[in-house]
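Asks: sequence? don't have it. structure:
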Ligand SMILES: Nc1ncnc2c1ncn2[C@@H]1O[C@H](COP(=O)(O)OP(=O)(O)OP(=O)(O)O)[C@@H](O)[C@H]1O
Ligand SMILES: CC(=O)N[C@H]1[C@@H]2OC[C@@H](O2)[C@@H](O)[C@@H]1O[C@H](C)C(=O)O
């Protein structure tokens, strides 16, 4: 047997594995690195997050990625060069974290790498009838594995599309295994660049769960701040939005996109919800002269309204539901206040801390769970292809040499 296959076999047989989950999301703020001690699999998965860090990207990284990110036309040579470059960079960032945490690379069973999404185009968002859904993550895992010297499982989204899904959200696979409850209906709400949710009914009925994107979380607000308030990257603590007034005609227009009328599950990205989308809405409503503060106040309310609408849609027939939030949006007080005020059935919005997972680490942990399933699980059936949750094993294995 090849020594690498033997190593994987031994990792799979262990009572506990050390898996590093990596997530680099649409906000391009940094690489989330979660060192997870994982045992069991499927509904018996146990996770202990031993360490977590977000390694900030420098301006050079952000600039390079933005050149191709969510762009219909870009320099193909640059994309080709970025693919290994991002993989190597992520490998170096993992080593940096391991040094900081004083953990030896040899003790890690596998890295679970999401990569960097540079383009996402479900069928609902492209008009090329010859093609199905597509999504592209760069940051090649062979380069990551060789740089870090650690076996890496990556490129999780392609299998999902191959089996009939849209390539996202994959959150349901981890949320169901780890956060399902027999005592409460739960909504796991993640507010990164794009907001998404997973609905987990109290029955824990695997055929009733689903995940769906909701629409913009922070992505348009971030893009606006970066355009007009550089070098700021986002509206820290909603300071700018708090100084403005919501413009109702603009808000109404922003809510008009057909994406919001599609049934769950659905996916989207900054390919749609971007500054061009805002500009179009401002042009239509003759609000191009609004102050930046008013635009930010309106964008904040827009994200909150679409998030609240999705929560309300999921919970309308339920006596009770508890929302557990995660992602950078939980740190935006105005956004949180709006969402709560628009969901009258909720007394509070909890975050995943209450379930034992740091809300900033949640998506990185998800990929650790997916890698664990790739190694030892793979038996969970959701039984409902229509919910976009095919029964599959995701991830491709890259060895370090
Ligand atoms: N103190 C804060 N005040 C306001 N917003 C904040 C604060 N801290 C973080 N954020 C928001 O959270 C964003 C980062 O969120 P996160 O890291 O969850 O996104 P991501 O993982 O890149 O996105 P996605 O889930 O779409 O892939 C920032 O860009 C910012 O908009
Ligand atoms: C294509 C892609 O990278 N999508 C991301 C993005 O960020 C949030 C939302 O849009 C979600 O669909 C997904 O990530 C999470 C981790 C998911 O797949 O569940």
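Replies: Happy to help now that I have it. Here the structure is a predicted model, which is why all the values come from computation and not from measurement. Ligands and ions are numbered 1, 2, ... in the order given.
Asks: For ligand 2, what's its nearest residue on the stretch 301-401 of the chain.
Replies: Residue nearest to ligand 2 within the stretch 301-401 of the chain: residue 363 (4.5 Å; CB to the nearest ligand atom). Any C-beta I mention is one placed from the backbone N, CA and C, and that applies to glycine too.
Asks: secondary structure element for that residue?
Replies: Under the assignment given by DSSP states H and E, the secondary-structure element containing residue 363 is helix 362-376.
Asks: Same check on residue 31?
Replies: Here residue 31 sits within strand 30-39, counting by DSSP H and E.
Asks: wait, what's in contact with the residue of the stretch 201-350 of the chain found nearest ligand 1?
Replies: Closest to ligand 1 within the stretch 201-350 of the chain is residue 328: 1.8 Å, counting by CB to the nearest ligand atom. Residues near residue 328 by CB atoms under 8 Å, 6 or more residues apart in numbering: 27, 29, 191, 192, 217, 218, 234, 360.
Asks: near ligand 2, from the residues you listed?
Replies: Cross-checking those against ligand 2 (CB under 6 Å from any ligand atom) gives residue 192 as the overlapping residues.
Asks: Between the contacts of residue 328, which sits nearest ligand 2?
Replies: Proximity of these to ligand 2, judged by CB to the nearest ligand atom, is greatest for residue 192, which lies at 5.0 Å.
Asks: Can you name the residues that contact the closest one?
Replies: Taking CB under 8 Å, 6+ apart as the criterion, residue 192 is in contact with 25, 26, 27, 217, 218, 327, 328, 329, 363.
Asks: closest to residue 274 among the residues you listed?
Replies: Comparing the contacts of residue 192 against residue 274 with CB to CB places residue 26 closest, at 10.6 Å.
Asks: The closest one: what secondary structure?
Replies: coil (DSSP: H, G, I helix; E, B strand; the rest coil).
Asks: Which strand or helix spans the residue in the stretch 201-350 of the chain that ligand 2 sits nearest to?
Replies: With CB to the nearest ligand atom as the measure, the residue in the stretch 201-350 of the chain that lies nearest ligand 2 is residue 213; the distance is 4.8 Å. Secondary structure assigned from DSSP H and E places residue 213 in strand 210-216.
Asks: Show me how far that strand is from its chain's centre.
Replies: Mean C-alpha position of strand 210-216 versus that of the full chain (CA atoms, centre = their mean, to the nearest Å) differs by 10 Å.
Asks: now swap in stretch 43-62 and tell me
Replies: Averaged C-alpha coordinates place stretch 43-62 at 12 Å from its chain's average position (CA atoms, centre = their mean).
Asks: buried stuff in that stretch?
Replies: By neighbour count, and taking 16 or more other CB atoms under 10 Å as the criterion, the buried residues in stretch 43-62 are 45, 47, 49, 51, 52, 53, 54, 55, 57, 61, 62.
Asks: residues touching the residue of the stretch 301-401 of the chain closest to ligand 2, list them.
Replies: For residue 363, the contacting residues are 23, 25, 32, 114, 171, 190, 192, 326, 327, by CB under 8 Å, 6+ apart.
Asks: residue ranges with poor pLDDT in the stretch 251-400 of the chain?
Replies: Low-confidence regions of the stretch 251-400 of the chain, defined here as pLDDT under 70, cover residues 383-386.
Asks: I figured the residue of the stretch 201-350 of the chain closest to ligand 2 was touching residue 198, is that so?
Replies: No. Residue 213 sits out of contact with residue 198 when judged by CB atoms under 8 Å, with a separation of 11.0 Å.
Asks: what is in contact with the two at once?
Replies: Between them, residue 213 and residue 198 share these contacting residues under CB under 8 Å, 6+ apart: residue 169.
Asks: hang on, the earlier thing: so what touches the strand holding residue 31?
Replies: Surrounding strand 30-39, the residues in contact under the criterion CB under 8 Å, 6+ apart are 15-25, 45-57, 90, 93-94, 97, 101, 103, 360-361, 363-365, 368-369, 372.
Asks: Keep only those residues that also lie close to ligand 1.
Replies: The subset of these within reach of ligand 1, by CB under 6 Å from any ligand atom, is 25, 363.
Asks: which stretches of the stretch 301-401 of the chain form strands?
Replies: When assigned using DSSP state E, counting those that start in this stretch, the strands of the stretch 301-401 of the chain occupy the ranges 322-326, 350-351, 396-398.
Asks: looking at these, which is buried most?
Replies: Highest mean neighbour count of these: strand 322-326, a mean of 23 (counted as mean count of other CB atoms under 10 Å).
Asks: how about the helix or strand encompassing residue 77, does it get close to ligand 2?
Replies: Taking DSSP H and E as the criterion, the element that holds residue 77 is helix 76-101. No. Using CB under 6 Å from any ligand atom, helix 76-101 stays clear of ligand 2, with a minimum separation of 13.8 Å.
Asks: chain center to that helix, what's the gap?
Replies: Taking the mean of its C-alpha atoms, helix 76-101 sits 19 Å from the chain's own mean (CA atoms, centre = their mean).
Asks: Summarise which helices and strands it is packed against.
Replies: For helix 76-101, the contact count by 3 or more CB pairs under 8 Å, 6 or more residues apart in numbering; DSSP states H and E identifies strand 16-24, strand 30-39, strand 46-56, helix 59-68, strand 110-121, strand 134-138, helix 141-148 as packing neighbours.
Asks: now, of these, which is deepest in the fold?
Replies: Comparing these by mean neighbour count (mean count of other CB under 10 Å), strand 110-121 comes out on top with a mean of 26.
Asks: and which of the buried residues of stretch 43-62 is nearest residue 82?
Replies: Of all the buried residues of stretch 43-62, the one sitting nearest residue 82 is residue 61; the distance, using CB to CB, is 9.8 Å.
Asks: Run through the residues that contact that closest one.
Replies: Taking CB under 8 Å, 6+ apart as the definition of contact, the neighbours of residue 61 are 28, 89.
Asks: Adjust the sequence numbering to begin at 14 for everything that follows.
Replies: Yes, from this point I'll number from 14; that puts the last item at residue 74.
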